[in-house]
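In: Prediction below, plus the sequence it came from.
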Amino acid sequence: MVEATGIEIRNLYKIFGPNGAEMVEKVKAGMSKTELNDDYNHVLGLNDINISMPGGKIQVVMGLSGSGKSTLIRHINRLIDPTAGEVLYGDDDVCQMSIRQLRDFRRHKTAMVFQKFALLPHRTVMQNAVYGLEIQGVDQKEAAERASRWIARVGLEGFEDNYPNQLSGGMQQRVGLARALTNDADILLMDEAFSALDPLIRMDMQSVLLDLQEELHKTIVFITHDLDEALRLGDRIAILRDGAVVQQGTGQDIVLNPADEYISSFVKEVNRSRVILVDTVMAAGQKLEGGLSIPKGVLLEEAAKRFADSGEGVANIVDASGNPIGVLNVQDTMRAMVTPAEH
């Protein structure tokens, strides 16, 4: 399998207003978003964003309304032009692409899934799914074969001839996902893709995405305002506030070491057992003779279940080859599952 290409965002600024380029220097000198708006009637959208988005992984960008997350994702396929900075895909800077290069990049390298589905109401499920391939000029038979595969994979086999208004919200979003996957793009951009769905359907769609990603290893940028969703989906998470990155890292990094009070307020109600890994809590370098073994990388929630099912109170944590790398006991497991405020 060819290794997927990541995305590098470097020193990215977006200032909305007629003299944005002039305002960048003021922001660099320390002018706040509020001051920029009050004094110069310009809006600071993004403030010096630097994120390395890993290839073949899910990069979540989260924040509250107005944090800049949707503005950021639209810079990756340049639906919005930056005021300053770079968006690198391999050696190519999307911000410097010609109109023709950008058109090809959008058609062949990126696909987007929207919160409001963005389906064409006069087209069937199949016709929506093949739309991107039609734009690319792919043969009609080949396009239908490719679309049929992804329609089935997202659970819509038998609905190919239905129209969007005949489908539930969850089913419509599956069409949007099938359309994006049919394009076979390297980068999948998902802007609040599941936010309009009911909670149970939303969880189901998250599971669909994770199952597909386990096979496909796309470079996915997923926008959300929901921390639980971010923690479930994200290999890496970047949290934005007022157009700037407040903290980034793995979900475990952020839950265990919040950068400030703003992040702490996000993570205080998190179910830590679904975020923290056994190898974070284990006594590294220790070893038991025999007994229960738990693989490295397992979440505490799963470890607690294994302790309960086996009746054991201590286990070896083992690597992919089955070699012990540490020891974990049930008391430390339960202690780590409790937030610091509840100790």
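Out: That came through fine. Predicted, not measured: the structure shown is a model, and the values here were computed from it.
In: Pro295 contacts Val318, correct?
Out: Yes. Pro295 is in contact with Val318 according to Cβ atoms under 8 Å; the separation is 5.9 Å. Backbone N, C-alpha and C define where each C-beta goes, glycine included.
In: domain ranges for this structure?
Out: Per automatic domain parsing, the domain ranges recorded for the chain read 54-79+109-273, 274-342.
In: which of the ones you listed is buried the deepest?
Out: Neighbour counts (mean count of other Cβ atoms under 10 Å) averaged over each of those peak at domain 54-79+109-273, with a mean of 18.
In: Between its first and last residues, how far does it reach?
Out: End-to-end distance of domain 54-79+109-273 (Cα to Cα, to the nearest Å): 25 Å.
In: Distance from the chain centre to the host helix or strand of Asp104, please.
Out: When secondary structure is defined by DSSP states H and E, Asp104 falls within helix 99-108. Here helix 99-108 shows a centroid-to-chain-centroid distance of 23 Å under the convention Cα atoms, centre = their mean, to the nearest Å.
In: what lines up beside the very next helix or strand once past it in the sheet?
Out: Proceeding C-terminally, helix 99-108 gives way to strand 110-114 as the next helix or strand, assigned by DSSP H and E. On the basis of DSSP bridges, the sheet neighbours of strand 110-114 come out as strand 187-191 (parallel).
In: Counting by contacts, list what the helix or strand following the partner strand packs against.
Out: The first helix or strand that comes after strand 187-191 along the chain, using DSSP H and E, is helix 199-216. Based on contacts counted as 3 or more Cβ pairs under 8 Å, 6 or more residues apart in numbering; DSSP states H and E, the elements that helix 199-216 packs against are helix 169-182, helix 227-233.
In: What lies in contact with the last one?
Out: Defining contact as Cβ atoms under 8 Å, 6 or more residues apart in numbering, one finds that helix 227-233 is touched by 58, 60, 62, 194, 202, 206, 209-210, 222, 224, 237, 251, 255, 266-267, 270-271, 274-275.
In: tell me the secondary structure for Phe222?
Out: Reducing the assignment to helix, strand or coil with DSSP: H, G, I helix; E, B strand; the rest coil, the entry for Phe222 is strand.
In: isn't it right next to Val60, touching?
Out: Yes. The pair Phe222 and Val60 passes the contact test of Cβ under 8 Å, sitting 4.9 Å apart.
In: host element of Gln59?
Out: Element membership of Gln59, judged by DSSP H and E, is strand 58-62.
In: If I take that strand and strand 187-191, what angle do their directions form?
Out: Strand 58-62 and strand 187-191 meet at an angle of 30 degrees, taking axes from the mean of the first three to the mean of the last three Cα atoms, to 10 degrees as the criterion.
In: Now do the following helix or strand past strand 58-62, average pLDDT.
Out: Under the assignment DSSP H and E, the closest C-terminal helix or strand after strand 58-62 is helix 69-76. The average pLDDT within helix 69-76 is 95.
In: and if you look at stretch 184-201?
Out: On average, the pLDDT along stretch 184-201 is 87.
In: How far does it stretch from one end to the other?
Out: End-to-end distance of stretch 184-201: 25 Å, with Cα to Cα as the criterion.
In: isn't Ile325 right up against Ala284?
Out: Yes. Using Cβ under 8 Å, Ile325 is in contact with Ala284, at 6.7 Å.
In: now stretch 277-285: mean pLDDT?
Out: Averaging pLDDT along stretch 277-285 yields 92.
In: Tell me how far the helix or strand hosting Ala315 lies from the chain's centre.
Out: Using DSSP H and E, Ala315 maps to strand 314-318. Strand 314-318 sits 31 Å away from the centroid of its parent chain (Cα atoms, centre = their mean).
In: Please apply the same query to stretch 219-239.
Out: Between the mean C-alpha point of stretch 219-239 and the mean C-alpha point of its chain there is a distance of 4 Å (Cα atoms, centre = their mean).
In: Show the end-to-end separation of that stretch, please.
Out: From the first residue to the last, stretch 219-239 extends over 18 Å; the measure is Cα to Cα.
In: next one: stretch 53-70
Out: Stretch 53-70: ends 16 Å apart by Cα to Cα.
In: Run the chain-centre distance for it.
Out: On the basis of Cα atoms, centre = their mean, stretch 53-70 is displaced by 6 Å from the centre of the chain it belongs to.
In: now for the helix holding Asp104, which elements pack on it?
Out: Applying 3+ Cβ pairs under 8 Å, 6+ apart, one finds that helix 99-108 contacts helix 131-136.
In: I appreciate the help and will end here.
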